[in-house]
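Visitor: I'll drop the sequence and a predicted model, then ask my questions.
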Amino acid sequence: MGRGSLLVSETRLQTKLFFRSAVAAFFTLFMPLMFLIMINFFIPVDDASGFSPSQYFTPAIAVFGMVTATFTNLAINTSMARDGGILKRVAGTPLPMWVHLGGRIMSAALVGLISVTLMLAVGWLLFDLVIPWSRMPLFALLILVGAAAFSALGLAVAAVTPNARAAPAIANFVILPLAFISGIFFPLDGSPEWLQTLASWLPLEPLVSAAIDLFDPAIPVVFPWSAIAKVLAWGAMGLAIALKFFSYEPAGVKPRGGEVSVAYGD
């Protein structure tokens, strides 16, 4: 098989494994959906402006769903695969390690796209979300950029996590506070200025703000150069950390010869 075919097959395999785990599917797909439903039920439509809260919260929580599918899942599952010896066994097979990890990343991105699509569909069907179809290519670009960047950050967390038992705590310790200060569950307009400034330089808030702006008809369409640049910069940093510290050996075991590059060979 060619390398492209191998990557597609590995992506298909990892996606099947994901959906066989009821817990993973629930927390990745249905927990963000539950947030969306509860928020829309409890926050009424503004009678004065007629603005539906769904126009704000649907794109925001859709981004959160994508981040959960990529960052959180890769950080936890890759750590578990490493400590369970799965990555080490893969390294001893003809399958290139980059194909295996690429399959994990593409599978996570695919699940993230499913989550985003589900959020938009539920918002449109149940909560009067108006989908600005002419802006959807830009929204799709934001989602793909975010998926790539947060996948890299997820692998970085997996690379520096001491063991698989600590991975869920570390991943959630990073992403949950980040979500709360990034305007996903409430607008940041009333928060302190220093917090808004801090959030704007972290990887999630620029992505969330750009996505929300695309769903607000009162805001003209502007290509989100700044948001994309910030998110890609964080993704590049995550990739650099992952390449520097990643190991396929279980925690506490040093790779033979102190090198990990053999894992990426053919």
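Guide: Yes, it's here. What you see is a predicted model, and the numbers here were worked out from it, not measured in a lab.
Visitor: in the protein, what spans have low per-residue confidence?
Guide: Scanning the chain for pLDDT under 70 picks out 1, 44-51, 251-266.
Visitor: spell out the residue ranges of the helices in it.
Guide: Counting by DSSP state H, one finds helices in the chain at the ranges 3-20, 22-25, 31-42, 54-67, 73-83, 86-91, 97-126, 136-160, 167-180, 193-200, 205-214, 225-245.
Visitor: now the last one, how far from the chain's geometric center?
Guide: Yep, that's helix 225-245 we're talking about. What separates the centre of helix 225-245 from the centre of its chain is 13 Å, taken as Cα atoms, centre = their mean, to the nearest Å.
Visitor: could I get the helices of the chain as CSV with mean neighbour count?
Guide: C-beta coordinates here come from the backbone N, C-alpha and C atoms, glycine included. Listed next are the helices of the chain as CSV, based on neighbours: other Cβ atoms under 10 Å:
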stretch, mean neighbour count
helix 3-20, 15
helix 22-25, 12
helix 31-42, 17
helix 54-67, 27
helix 73-83, 24
helix 86-91, 17
helix 97-126, 20
helix 136-160, 22
helix 167-180, 16
helix 193-200, 12
helix 205-214, 23
helix 225-245, 17
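Visitor: let me have the ones you listed in JSON lines, extended by distance to residue 187.
Guide: Shown next, in JSON lines, are those (distance: least, Cβ to Cβ, whole Å):
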{"stretch": "helix 3-20", "distance to residue 187": "33"}
{"stretch": "helix 22-25", "distance to residue 187": "30"}
{"stretch": "helix 31-42", "distance to residue 187": "12"}
{"stretch": "helix 54-67", "distance to residue 187": "7"}
{"stretch": "helix 73-83", "distance to residue 187": "28"}
{"stretch": "helix 86-91", "distance to residue 187": "42"}
{"stretch": "helix 97-126", "distance to residue 187": "17"}
{"stretch": "helix 136-160", "distance to residue 187": "19"}
{"stretch": "helix 167-180", "distance to residue 187": "12"}
{"stretch": "helix 193-200", "distance to residue 187": "10"}
{"stretch": "helix 205-214", "distance to residue 187": "9"}
{"stretch": "helix 225-245", "distance to residue 187": "17"}
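Visitor: tell me the spacing between residue 225 and residue 213.
Guide: Distance of residue 225 to residue 213, given as Cβ to Cβ, to the nearest Å: 13 Å.
Visitor: same question, residue 226
Guide: Distance, residue 226 to residue 213, by Cβ to Cβ: 12 Å.
Visitor: now residue 109
Guide: Counting by Cβ to Cβ, the separation of residue 109 from residue 213 is 23 Å.
Visitor: what's the answer for residue 156, then?
Guide: 28 Å.
Visitor: residue 52 reaches residue 58, doesn't it?
Guide: No - using Cβ atoms under 8 Å, residue 52 is not in contact with residue 58, being 9.1 Å away.
Visitor: shared neighbours, the two?
Guide: 127, 129 (Cβ atoms under 8 Å, 6 or more residues apart in numbering).
Visitor: how about the residue nearest the centre of the chain, what does it touch?
Guide: Central residue of the chain (Cα atoms, centre = their mean): residue 67, 2.2 Å from the mean position. By Cβ under 8 Å, 6+ apart, the contact list for residue 67 reads 112, 146, 150, 175, 179, 204.
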